[in-house]
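1. sequence plus predicted model, see below.
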Amino acid sequence: MNLELYIDNTRVDLFKDEAITLTDTQQNIRDIALVFTPFSQQFNLPASSTNNKIFKHYYNNDIVNGYDARFRVNAIIKLDGADFKVGKIRLDSVSMKNNKAHAYKVVFFGNTSSLKDIFGDETLSALNPLNAYDIKYNNSDVLNAFRYGLQSSGLSATSTANRNITLPLITLQNYYSYDSTNTITTPNLHNVNWNVLQRELKPAIKCKRIIEAIQTQYNIEFNMADETGIISFFDSDVFDELYLWLHREKTPITNPETTVPLFGIDLQQRSRKLTFADFTFVSGVDYLSGGNLVVSDEYNYSIRLVLDSNAGVELEIISIDKLTNELLDYQTRITPASNYNVTLRDLDSGTLSSRTYDIEFRFNTPTVGVFDAETMLITRTLKDGTPVDSGNYSYNAFNLEQNIFIQDYIPNMKVLDFMTTLFKMFNLTAYTKRGSSKIYVETFDDFMSTGNTHDISKYIVVDSNTIDRPIPYSRINFNYSPSVTQTSLRYLNQFSQQFGNLNYSAPEKYDGQSYDIQVDGQRSQLINIIDENDDLTGVVYGWWVDAESKTTLGSPYMFFNDLIDVADYPVTSLVIEEYNAPSNVSSDRNHTLNFGIEYNEYTGNVNENSLFNRFYSQYIVKLFEEQARVVKFTAQLPSSIVLNYELNDVFIVNGQEYYINSIRTNLLTNKSELELITKQSAYTPSVLT
């Protein structure tokens, strides 16, 4: 086979005798938390004139604006002229001989491995598209979020699909009972005062909206709905019910008779966000014609806002670059008419480098703020201060209002950790398809149930092969973050088992070790309220307090949002027929968020549709089967197979079917080292409804 390597669409010179070994691996049975992606061992590229141009003579650190090895670059491996693998190349080092560059040492990575590079350490609060779900604080929006859910500010949800924001019944202090006679003195949900209850609640956002925001922010595409018929987990019914509670900090709870903060903010606080997109170009040079401000290090740039508001307003102004989540400026001042100036510069160097800005201006005030028409002036000058040109923009009059900005309350969680948590909970796998930039996300069972079959018997090198035991583990533990809520701590004390966790042991005690999977997420046992007759009402809520009945925090909390019918147990003070509540079980009872079998707080019945049974059991049980083996072969596979196999395919060797665990191919000799798992039974697709 003819081997070619392209970096940024330029063909790279290769050593004639240099082996490039590429490894394709599934979720390795020795680490079931891994997402598979192809990668290569480090290999050398000659320091030819072509390669020196690609890597910009990296060995010479005197070159300004040279090759930046901190980043991976686009690469394609071709076999016989066809794309074999698409991904990234990382430059590790340059070997020198006689003071001259001899070889560039590089590593190839498949596309899915670049997700870590794309997300970096950015947190969910940096997802600017979530602004679309900001809501105004008013009694109508907040109550409707509790009763129905909201599409966006002012729009009540009409279905599960557009129930983007809810206000689930998770209380931060009070333990509620239910008494239709209104004789109890403890907090009573039957006649609760809404102004008291709402101050204990925090909103939640549909996880699917977070995935969509990740796509938009990072310009990547998941197969949310695909014409090939591949069912994306992110487009499934079960994922559509999953929500993330916006509990970032402990909310202070004080005497209900006083003005109590809502979601931890002062009810008198009023705010507004303005971005470049809100302003209209008036005259001069339009710097924002592309939507963002693109600056050059040849000049200095400044932005001046002329704010015209009612007298005596104490104003806090915060400027943030939405593209980097970088704080650019912070000021406080007393208005009316006041100029607000921002000089653009990099925080690290203090000077300005060529880059792109998308600035968000945040205005906060503890009083009513009324602003007349505002103006913005962007000025460009030479380094010595000589004016070059400027652009004038305008914005209409506006008031500062009480708002709930979703980014302010989303848990302090990295984007990558959010994705990793979902992958671990539902045993997801991600991959790319040849010729497509989409990232396909499926359950492992769905992926493994759609592969093709190849008989490779005649390509096996028959000198020798190795047969290994299938797994070195005798026990596998699925663990959420440690319990923090009082109800779950009581469960732990009573059963010596953390609520939501699972310890899975092989049926027979064979020699092995324990393997743990840790999920960065919280589980909490919920409360089914008992009425005055000691009957379960089916009115369920979460109680987010610790052992001392004080508001607690814990890891990010995901739950199935359930719309609860309370016709038989009405909340008379609100005149509502239903409300949003957290649940550990999906609305159709086909799924739970517990790894093990637990009872359903709503029905009191045991639900066996655990995460393990739904998404892990086929994979794990197959590895514990007595006849399971890991078999290693060496094969000389033809290009027709090398170019077309997928990791969910089945290989046949002398009549025996095998699943692929890994393929390590020497692209110079065309020999492949195969690690295969004996197929005892076929995978069946996941239940996602």
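-> Nice, I can see it.
2. and residue 140, how far is that from residue 287?
-> Plainly put, residue 140 is 39 Å away from residue 287 if you go by C-beta to C-beta, to the nearest Å. The C-beta positions use only the backbone N, C-alpha and C, and glycine is treated the same way.
3. looking at those two, which one has more neighbours?
-> residue 287 (22 against 10; other C-beta atoms under 10 Å).
4. distance from the chain centre to the helix or strand hosting residue 559, please.
-> Using DSSP states H and E, residue 559 falls within strand 558-565. Its chain's average C-alpha position is 21 Å from that of strand 558-565, according to C-alpha atoms, centre = their mean, to the nearest Å.
5. send me it as CSV with only the CA atoms.
-> Extracted C-alpha coordinates of strand 558-565, given in CSV (Å, rounded to 0.1, in the frame of the first residue of the first chain):
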residue,chain,number,x,y,z
MET,A,558,-28.5,15.9,37.1
PHE,A,559,-32.0,14.5,37.3
PHE,A,560,-35.0,13.5,35.2
ASN,A,561,-37.5,16.4,35.2
ASP,A,562,-41.0,15.1,35.9
LEU,A,563,-44.2,17.1,35.6
ILE,A,564,-46.3,16.0,38.6
ASP,A,565,-50.1,15.9,38.6
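6. packing partners of that strand?
-> strand 204-206, strand 242-245, strand 536-543, strand 578-583 (3 or more C-beta pairs under 8 Å, 6 or more residues apart in numbering; DSSP states H and E).
7. okay, now the sheet partners of that strand, with direction.
-> Partners of strand 558-565 in the sheet, by DSSP bridges, are strand 242-245 (antiparallel), strand 578-583 (antiparallel).
8. closest one to residue 681 among the ones you listed?
-> strand 242-245 (29.9 Å; C-beta to C-beta).
9. what does that closest one contact?
-> 166, 168, 170, 202, 204-208, 210, 410-411, 418, 556-561, 582 (C-beta atoms under 8 Å, 6 or more residues apart in numbering).
10. returning to what we had before: can you mark which positions in the strand holding residue 559 are buried?
-> 558, 559, 560, 561, 562, 563, 564 (16 or more other C-beta atoms under 10 Å).
11. again, but for stretch 48-61
-> 48, 51, 52, 54, 55, 57, 58, 59.
12. not counting its neighbours along the chain, what's nearest residue 246?
-> residue 409 (3.9 Å; C-beta to C-beta, 6 or more residues apart in numbering).
13. the one you found contacts residue 204, correct?
-> No - with contact defined as C-beta atoms under 8 Å, residue 409 does not count as touching residue 204 (9.8 Å).
14. of these two, who's got more company?
-> residue 204 (28 against 21).
15. wait, doesn't the more buried one sit right on residue 166?
-> Yes - with contact defined as C-beta under 8 Å, residue 204 and residue 166 form a contacting pair (5.2 Å).
16. let me see the ranges of the strands in the stretch 401-550 of the chain.
-> Remark: strands assigned in the stretch 401-550 of the chain by DSSP state E, counting those that start in this stretch are 403-404, 428-431, 440-443, 453-455, 460-468, 473-479, 502-505, 513-518, 527-530, 536-543.
17. before we move on, back to that, tabulate the helices and strands packed on strand 558-565 (TSV), appending mean pLDDT and distance to residue 596.
-> Shown next, in TSV, are the helices and strands packed on strand 558-565 (pLDDT from 0 to 100; distance: least, C-beta to C-beta, whole Å):
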stretch	mean pLDDT	distance to residue 596
strand 204-206	97	24
strand 242-245	98	19
strand 536-543	94	20
strand 578-583	95	17
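18. helix, strand or coil for residue 234?
-> helix (DSSP: H, G, I helix; E, B strand; the rest coil).
19. show the subsequent helix or strand relative to the longest strand seen in the chain.
-> Ranked by residue count under DSSP state E, the longest strand found in the chain is strand 82-97. Toward the C-terminal end, the helix or strand that comes next after strand 82-97 (DSSP H and E) is strand 100-110.
20. what's next to the helix or strand that comes right after that next one, contact-wise?
-> Under the assignment DSSP H and E, the closest C-terminal helix or strand after strand 100-110 is helix 115-119. For helix 115-119, contacts defined as C-beta under 8 Å, 6+ apart pick out 71, 72, 88, 218, 220, 414, 415, 416, 419, 430, 439.
21. derive a ChimeraX selection command for the buried subset of those.
-> Only the buried entries of those go into this ChimeraX selection, using 16+ other C-beta under 10 Å:
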select :72,88,220,414,415,416,419,430,439
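22. quick one on the thing from earlier: can I get the strands of the stretch 401-550 of the chain in TSV with distance to residue 149?
-> As requested, the strands of the stretch 401-550 of the chain are exported to TSV (distance: least, C-beta to C-beta, whole Å):
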stretch	distance to residue 149
strand 403-404	14
strand 428-431	26
strand 440-443	25
strand 453-455	46
strand 460-468	52
strand 473-479	30
strand 502-505	31
strand 513-518	32
strand 527-530	21
strand 536-543	16
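23. which one of those lies nearest to residue 238?
-> strand 440-443 (9.8 Å).
24. so for that closest one, what's the average pLDDT?
-> Mean per-residue pLDDT for strand 440-443: 90.
25. before we move on, the earlier item: of the helices and strands packed on strand 558-565, which is nearest residue 637?
-> Nearest of those (C-beta to C-beta): strand 242-245, 40.9 Å.
26. so how far is that closest one from its chain's centroid?
-> Worked out by C-alpha atoms, centre = their mean, strand 242-245 lies 12 Å from the chain centre.
27. convert that strand to PDB, retaining C-alpha atoms only.
-> The C-alpha trace of strand 242-245 is given here as PDB (Å, rounded to 0.1, in the frame of the first residue of the first chain):
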ATOM      1  CA  LEU A 242     -32.300  15.000  31.700                       C
ATOM      2  CA  TYR A 243     -31.700  18.400  33.400                       C
ATOM      3  CA  LEU A 244     -28.800  20.100  35.200                       C
ATOM      4  CA  TRP A 245     -29.700  21.900  38.400                       C
END
